[in-house]
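Novice: Could you look at this predicted model? Sequence included:
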There are 2 protein chains.
Amino acid sequence: MTEVKIKRLDTADADFASQLDRLLAWNESEDADIHQRVIEIIGRIRREGDAALVELTSRFDNFVVDDAGALELPRDALEAAWQALPPEQAEALREAAERIRAYAERQKLESWDYREADGTLLGQQITPLDRVGLYVPGGKAAYPSSVLMNAVPAKVAGVPELVMVVPAPRGELNALVLAAAYISGVDRVFRIGGAQAVAALAYGTETVPRVDKIVGPGNIYVATAKKLVFGQVGIDMVAGPSEILVISDGRTDPDWIAMDLFSQAEHDEDAQSILISPDAAHLDSVQASIERLLPGMERAEVIRVSLERRGGMILVEDLEQAAAVANRIAPEHLELSVENPEILVRSIRNAGAIFMGRYTAEALGDYCAGPNHVLPTSGTARFSSPLGVYDFQKRSSLIYCSADGADQLGRTASLLAWGEGLGAHARSAEYRIRHR
Amino acid sequence: MTEVKIKRLDTADADFASQLDRLLAWNESEDADIHQRVIEIIGRIRREGDAALVELTSRFDNFVVDDAGALELPRDALEAAWQALPPEQAEALREAAERIRAYAERQKLESWDYREADGTLLGQQITPLDRVGLYVPGGKAAYPSSVLMNAVPAKVAGVPELVMVVPAPRGELNALVLAAAYISGVDRVFRIGGAQAVAALAYGTETVPRVDKIVGPGNIYVATAKKLVFGQVGIDMVAGPSEILVISDGRTDPDWIAMDLFSQAEHDEDAQSILISPDAAHLDSVQASIERLLPGMERAEVIRVSLERRGGMILVEDLEQAAAVANRIAPEHLELSVENPEILVRSIRNAGAIFMGRYTAEALGDYCAGPNHVLPTSGTARFSSPLGVYDFQKRSSLIYCSADGADQLGRTASLLAWGEGLGAHARSAEYRIRHR
């Protein structure tokens, strides 16, 4: 039983705000060196296409192929992986996919329009994206759940072609990842990764088709590449380390809370787990649970480093103050481990996903509850939303003026256009005015 | 009557696809020099705050103030500008604002939830962003309509604090811009612009508050800065030159079409106006109208350069082929100047706004039809949408498991978590399983 040094903060401290800022500070490695290398990789893929893709995949993934066509996984490999799964795992994957699909169906945007008195029609037409690229991390962090969470909403949106990329170190792929791709309806899979995969999807090569949007998490090279190709294609979000914030009223089993904090911390050493409570004794109990449970964990060392580097426990006056701190943090995952979460949730403005009540472990949301586990990180829940069906749909405004409508609107538009010094705008509107 | 050299394309040509690619090619000035200067400006604002903001505003806008507080426009200046407007202009602005508001109200996202048989609740909570920054271009291109289009949807979404920035060359501002800010409910206005204004909004200074999202168009410095601060704050989109694509069945008055093309071309020399028709004689008629009407235009030289540099006329087989070309182009503005636009519109997948029928001049949409004029450019309508109320709202997923639900979901999550090698995830789910 060794001590785990987790920072303690107290909102009553005069410099709490700056302590919190330091706790949250995340140096989003704007590493000029990585930036430059990614620019070069993107440039090579644009200029040399397949040849560069083959060479870079050989260099970074130790996956050597004779020609780019061999980077694509044969179509029957997905079904074969699915068929080979132990029935229990297949059933779990299928249940997760079905729940994700059921929730996604509720998010689907529908076209609408309305007519004004003079016959003018206004509306919004919704269409799916034509082609989407899914980035799935490979190697040590092979997450089939990530495939489900990205692919299922895209298919619910009606995207006709889903192109998955996943790095295959030395050619190896995770069978669960392939099985997940199969049941979620992925159309094509390329065994490529890193900045080169992002560039290939954004610009296309002879073999990899150009997509309209790239979604899915990745390492710093992937994140940097996504940021750089944004504009050429859409991207979902720039994902940072995973975070959990637990608000506990002090009456949840401290072991449960400790394990919920571990479940975030085990992702990687930069993951952030924070507990807030108005009950100081409860913070101590959770600390004790952490120290007792840690040695039994498979990933004990990663958890320890994460908790000591970025973890925190914050003592607050009451639950309303806890909500205010949560809104300041804007966490990716927020657990409201309290008696009446349906009341506290009304005070929450900034959070990716909110896990309400003592029974709702964040891990349920990671896999199978239904809502997406691709969530805004690093405080971006201030302005962005979970990945959803809406990310694979787009809107076109519809304007269909009647002759009467064009006459009336034309007068207003003409006046405003002359006010902005735009004569062609004004005249183009005036042509549609009835000349009485 | 001078000749205007507009490129002609024909889908029947063997190399039509590459001709079209060349016509659309837009070198999104990834000018390394500008990129570096913008990085430096952002760095200075982050390090030096107000002091840098005052110095850069003096240098770039010739607007000299003693201290940063003086960069903020006094609150009563907005109302004063509104009161001083000629009644006719005030009425036009008010009508435009009301129509934009009425359309925006229809876009508002609402929270929802549903309960499953075992009592588990799933849902989505919608909240407005806390604070939004609006970039409004100043100087020669002072567009009050831009203020309405950005501010009104934000206010409809319920954003409590809207902070507008507008460069004020030598301290001068456009009275219409201020009046538009007044009626659309802008809360604060700072007379700053360029990359320094974007950086100030993204990171905050002693005087300028940090926002959660920055919207609004700007020049290459503004666009580059927005791209660089994306992640720290949300941004709307990276706007390129304005574009119009007109599909005509050949029976719309050629003068009308010519003026619609002019209305895009007069924005700037990089704007793009393209006409598609299955009727070769009609293309000739529009060409003749262009040559006859051009000399009478206020901005004739800008229009000429734009049309000759980036304009085009495309002959197609039929209207369905026209729709296919439109989907390839994914234009910001698309006019369907045809007899039955309600049929053709069903073939359109990629377009920011669709103007249906001969009476619906694109200029009506720029000012007062209701739908937003902030639209995806440079082909980004393939994956993005018009600015709307939804850009000022965000979603939080809600998961509230009953004890029964946690038991069932816990079993599935545990299985999948062990499959991913994440023991803390698995145990955190297992704690909520009933141990029978």
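Specialist: Good, I have the coordinates.

Novice: In the stretch 101-250 of chain A, what residue lies closest to chain B?
Specialist: Chain B sits closest to residue A:234 of the stretch 101-250 of chain A, with a gap of 3.4 Å, by Cβ to the nearest Cβ. C-beta here means a position set from N, CA and C on the backbone, and glycine is covered the same way.

Novice: list the helices and strands the one helix or strand that residue maps to packs on?
Specialist: Element membership of residue A:234 [criterion: DSSP states H and E] is strand A:234-235. Where contact means 3 or more Cβ pairs under 8 Å, 6 or more residues apart in numbering or on different chains; DSSP states H and E, strand A:234-235 is packed against strand A:213-215, helix A:220-229.

Novice: Closest to the centroid, which residue in chain A?
Specialist: By Cα atoms, centre = their mean, the mean C-alpha position of chain A lies nearest to residue A:374, the distance being 3.3 Å.

Novice: Is it in contact with residue A:385, as I believe?
Specialist: No - here residue A:374 does not reach residue A:385: they are 10.2 Å apart, not a contact under Cβ atoms under 8 Å.

Novice: coming back round to it: give me the residues contacting the strand holding residue A:234.
Specialist: Applying Cβ atoms under 8 Å, 6 or more residues apart in numbering or on different chains, the contact partners of strand A:234-235 are A:129, A:212, A:213, A:214, A:215, A:226, A:227, A:229, B:380, B:382, B:383, B:384.

Novice: circling back to that earlier point, from residue A:154, how far out is the residue nearest to the centre of chain A?
Specialist: 11 Å (Cβ to Cβ, to the nearest Å).

Novice: Does the residue nearest to the centre of chain A fall in a helix, a strand, or a coil region?
Specialist: Taken by DSSP: H, G, I helix; E, B strand; the rest coil, the conformation at residue A:374 corresponds to coil.

Novice: any idea of the pLDDT on the nearest residue to it once chain neighbours are set aside?
Specialist: Closest residue to residue A:374 apart from its sequence neighbours, by Cβ to Cβ, 6 or more residues apart in numbering or on different chains: residue A:387 at 3.7 Å. Note on residue A:387: pLDDT of 96.

Novice: Report how many residues lie close to residue A:387.
Specialist: Residue A:387: 24 surrounding residues under other Cβ atoms under 10 Å in any protein chain shown.

Novice: My read is that it contacts residue A:154, right?
Specialist: No - between residue A:387 and residue A:154 there is no contact under Cβ under 8 Å: 9.4 Å.

Novice: Can you pull the residues that touch both of those two?
Specialist: Joint contacts of residue A:387 and residue A:154 (Cβ under 8 Å, 6+ apart) are residue A:215.

Novice: quick one: buried residues of stretch A:422-436?
Specialist: A:422, A:423, A:424, A:425, A:426, A:427, A:428, A:429, A:430, A:431, A:432 (16 or more other Cβ atoms under 10 Å in any protein chain shown).

Novice: Is chain B within reach of that stretch?
Specialist: Yes - contact between stretch A:422-436 and chain B, assessed by Cβ under 8 Å from any Cβ of the partner chain, occurs at A:422, A:423, A:424, A:425, A:426, A:427, A:428, A:429, A:431, A:432.

Novice: how about the residues of the stretch 151-300 of chain A that lie near chain B?
Specialist: A:176, A:212-213, A:227, A:230-231, A:233-234, A:238, A:253, A:255-256, A:259-260, A:262-263, A:265-267, A:297-299.

Novice: which of those count as buried?
Specialist: Looks like those have A:176, A:212-213, A:227, A:230-231, A:233-234, A:238, A:255-256, A:259-260, A:262-263, A:265-267, A:297, A:299 buried, using 16+ other Cβ under 10 Å.

Novice: For the one helix or strand residue A:293 maps to, enumerate the helices and strands it packs against.
Specialist: Element membership for residue A:293 (DSSP H and E) is helix A:280-293. Packing partners of helix A:280-293 (3+ Cβ pairs under 8 Å, 6+ apart): helix A:254-265, strand A:272-277, strand A:312-315.

Novice: Quickly run through the sheet partners of the second one, with directions.
Specialist: Using DSSP bridges, the strands paired with strand A:272-277 in its sheet are strand A:243-248 (parallel), strand A:312-315 (parallel).

Novice: Let me know the angle separating the first one from helix A:254-265.
Specialist: An angle of 170 degrees separates the directions of strand A:243-248 and helix A:254-265 when computed by axes from the mean of the first three to the mean of the last three Cα atoms, to 10 degrees.

Novice: Not counting strand A:243-248 itself, show me its contacts.
Specialist: Residues from elsewhere that reach strand A:243-248, judged by Cβ under 8 Å, 6+ apart: A:257, A:260-261, A:263-264, A:271-277, A:279, A:282, A:286, A:319, A:322-323, A:326, A:329, A:331-338, A:344, A:351, A:362, A:377-378.

Novice: how about 7 Å then?
Specialist: A:257, A:260-261, A:264, A:271-277, A:282, A:319, A:322, A:326, A:329, A:331-338, A:362, A:377 (Cβ atoms under 7 Å, 6 or more residues apart in numbering or on different chains).

Novice: So, low pLDDT: which residues of the stretch 101-250 of chain A?
Specialist: A:139-142 (pLDDT under 70).

Novice: What ranges does it have for its strands?
Specialist: Ranges of strands within the stretch 101-250 of chain A are A:112-115, A:121-128, A:131-135, A:161-165, A:188-190, A:213-215, A:234-235, A:243-248, based on DSSP state E, counting those that start in this stretch.

Novice: Export those strands to a markdown table and append columns for distance to residue B:410.
Specialist: Shown next, in a markdown table, are these (distance: least, Cβ to Cβ, whole Å):
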| stretch | distance to residue B:410 |
| --- | --- |
| strand A:112-115 | 40 |
| strand A:121-128 | 34 |
| strand A:131-135 | 28 |
| strand A:161-165 | 29 |
| strand A:188-190 | 31 |
| strand A:213-215 | 28 |
| strand A:234-235 | 33 |
| strand A:243-248 | 17 |
